[in-house]
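A.B. asks: Quick one: sequence and predicted model below, then my questions.
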Amino acid sequence: MKKTLLSLFALAAMSATALAADVKPALVYGTGGKFDKSFNEAAYGGAEKFKAETGIDYRDFEPTSDTQGEQAIRNFASRGFNPVVAVSFAWTSAVEKVAAEFPDTQFVIVDSVVDKPNVRSVVYKEEEGSYLVGLLAGMASTTGKVGFVGGMDIPLIRKFACGYEQGARAAKADIQVFQNMTGTTGAAWNDPVRGGELTKNQIDQGADVVYAAAGATGLGVLQTAADNGKLSIGVDSNQNHLHPGSVLTSMVKRVDLAVYNAYSDSKNDKFTPGLQVLGVAQEGVAYALDDNNAKLITEEMKAAVEKAKADIAAGTIKVHDYMSDNSCPK
């Protein structure tokens, strides 16, 4: 009996090891670099958390062009990596193609939707998180003028801008919101100099809070605001620590959850394809409050943003999604 039990335990251990061995996670970032302190770095954080908890390593790749992204996704799949997570709307067509070529591989795309039986699509209600930080911007502004600097001029980034504008107007109905996009190609995600120039222009027009939704370009936005004694708002990762006392808050987008959950679900044989939509109610987007910005957020501001957060989750406040009709209500 004792030998039988030992044999069963050994078989169970072997099965668990075999299951873990079947998981070979891979991660393809968006252009802009792994350590952009923003979107890509959030994805990296999710992969690192999985590795720390399970001891299972992963492979990643930093494309610098659209061609490299598709090559990396196909290369990982052909070498037996599973699941393969592609972090960026830019990899939509690549995932569509490669997922069809490798039907037994699990794929995840973040910020886009690919309707394939082996693909999980994770999208966020960025307009909701942006509304929260816009509300704080409007309450913090003393000039009645705030700014927004986006990365690549695409509907997704207009979605951030529109949510931000709605939040700012909820604080001050007559507030002015300046908006600039950095460019129309992937290079717009990695141009902090241009981000700084656009920010300075908005500050010169009277903006005293500027929200960056621009990947690594946003680092120039935050730096310029700090250099000019103005407030900034970070994005995707919590960027409050980059300029303590100058970053009003950050719109945290939990890209790390998309990566971590994909790897964990695959490891535990719980991977499901299909669409996942993460908003305020699902804690997929939020505003950041920590020691670095606590002195900037008054009790009145905190009460207002917490009420807005609860109302959005409950459906009492409905934030317009720019991508639903390519327009933003005025």
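C.D. replies: Good, I have the coordinates.
A.B. asks: By mean pLDDT, flag the weakest helix or strand of the chain.
C.D. replies: Across the helices and strands of the chain, the lowest-confidence element by mean pLDDT, DSSP states H and E is helix 2-22, at a mean of 43.
A.B. asks: Surely S327 is in a helix?
C.D. replies: No - according to DSSP: H, G, I helix; E, B strand; the rest coil, S327 belongs to no helix; its state is coil.
A.B. asks: From T182, how far out is it?
C.D. replies: Using CB to CB, to the nearest Å, S327 is found at 22 Å from T182. To be clear about C-beta, it is placed using only N, CA and C from the backbone, and glycine gets the same treatment.
A.B. asks: same check, this time on E62
C.D. replies: Distance from E62 to T182, by CB to CB: 19 Å.
A.B. asks: So these two - more neighbours on which side?
C.D. replies: When E62 and T182 are compared for neighbours, T182 comes out ahead with 28 against 19, by other CB atoms under 10 Å.
A.B. asks: Helix, strand, or coil at that one?
C.D. replies: Following three-state DSSP, we place T182 in the strand state.
A.B. asks: Isn't it up against G150?
C.D. replies: Yes - taking contacts as CB atoms under 8 Å, T182 lies within contact range of G150: 6.6 Å.
A.B. asks: any shared contact partners between those two?
C.D. replies: Residues touching both T182 and G150 by CB atoms under 8 Å, 6 or more residues apart in numbering: A214.
A.B. asks: Sketch out the helices for the stretch 201-330 of the chain, chain order is fine.
C.D. replies: Secondary structure of the stretch 201-330 of the chain, counting by DSSP state H, counting those that start in this stretch: helices at 218-227, 255-267, 299-314, 322-325.
A.B. asks: now those helices in TSV, with mean pLDDT and mean neighbour count?
C.D. replies: Shown next, in TSV, are the helices of the stretch 201-330 of the chain (pLDDT from 0 to 100; neighbours: other CB atoms under 10 Å):
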stretch	mean pLDDT	mean neighbour count
helix 218-227	98	25
helix 255-267	96	23
helix 299-314	98	15
helix 322-325	96	15
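A.B. asks: right, so of those helices, which gets closest to V146?
C.D. replies: Closest to V146 of the helices of the stretch 201-330 of the chain, according to CB to CB: helix 218-227, at 11.1 Å.
A.B. asks: what packs against the closest one?
C.D. replies: Contacts defined by 3 or more CB pairs under 8 Å, 6 or more residues apart in numbering; DSSP states H and E place helix 218-227 against strand 145-152, helix 192-204, strand 209-213, strand 231-236.
A.B. asks: now the shortest one, how far from the centre of its chain.
C.D. replies: Relative to the centre of its chain, strand 209-213 is centred 15 Å away, using CA atoms, centre = their mean, to the nearest Å.
A.B. asks: can you give me the angle it makes with strand 231-236?
C.D. replies: Relative orientation of strand 209-213 versus strand 231-236 (axes from the mean of the first three to the mean of the last three CA atoms, to 10 degrees): 20 degrees.
A.B. asks: Do I have it right that V122 meets G279?
C.D. replies: No - shown here, V122 and G279 do not form a contact pair, counting by CB under 8 Å, at 12.0 Å.
A.B. asks: Next one: the residue nearest to A216 when sequence neighbours are not counted from S232, what distance?
C.D. replies: Leaving aside its sequence neighbours, A216 sits nearest to D36 (CB to CB, 6 or more residues apart in numbering; 4.0 Å). Relative to S232, D36 is positioned 16 Å away (criterion: CB to CB).
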